[in-house]
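1. Curious how this folds, go ahead:
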Amino acid sequence: MSDVQQRVERYLAIWNEKDPAARRAAIAEAWTDAPVYVDPLGVAEGRDAIDAFIGAAQEQFPGLVFRPAGEVDAHHNVARFTWELGPEGGEAIAVGFDVAVFDEDGRFDRVHGFLDK
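-> I've put the predicted structure just below:
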């Protein structure tokens, strides 16, 4: 498994982390000091805003989990990957893809999300 694939899996695990302290620690480790996340539903600038955005998504979709849907395509400091949201082991109710830009240390700096389904 590539390093970028592992980073993306950790990223999706953050979206599934229910414990606020553990999620906050994971965000601090995986994201830069001034990250930005943007998708059709909103913009989150900074770690606190990203944490709140993820918490709100978990409240909106209780019991559902994010999971990878295929391999990560990456070059230089950019990666794109498809994800699914659905019940554990069940059919996805939402599918999308994200484009991530990493800093020189491999941390997430910018993520642009798109919804397909």
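
2. which sections of this protein are below the confidence cut-off?
-> By pLDDT under 70, the weakly predicted segments of the chain are 1.

3. Can you identify each of the helices in it by residue range?
-> Under the criterion DSSP state H, helices of the chain are mapped to 3-16, 20-30, 47-60.

4. Give the other helices and strands that the second one contacts.
-> This means helix 20-30. When contacts are defined as 3 or more C-beta pairs under 8 Å, 6 or more residues apart in numbering; DSSP states H and E, helix 20-30 sits against helix 3-16, helix 47-60. From N, CA and C alone the C-beta is placed, and that goes for glycine too.

5. gap between the first one and the chain center?
-> Per C-alpha atoms, centre = their mean, to the nearest Å, the displacement of helix 3-16 from the mean C-alpha position of its chain is 7 Å.

6. quick one: buried residues of it?
-> Residues of helix 3-16 classed as buried by neighbour count (16 or more other C-beta atoms under 10 Å): 4, 7-8, 11-15.

7. The last one now?
-> Judged by neighbour count (16+ other C-beta under 10 Å), helix 47-60 contains these buried residues: 47, 50-51, 53-54, 57-58.

8. Against Val8, how distant is Arg67?
-> Computed as C-beta to C-beta, to the nearest Å, the Arg67 to Val8 distance reads 11 Å.

9. quick one on the thing from earlier: any chance of the buried residues of helix 47-60 in a markdown table with distance to Asn77 as columns?
-> Output for those, formatted as a markdown table (distance: C-beta to C-beta, whole Å):
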| residue | distance to Asn77 |
| --- | --- |
| Arg47 | 19 |
| Ile50 | 19 |
| Asp51 | 23 |
| Phe53 | 23 |
| Ile54 | 23 |
| Ala57 | 26 |
| Gln58 | 29 |
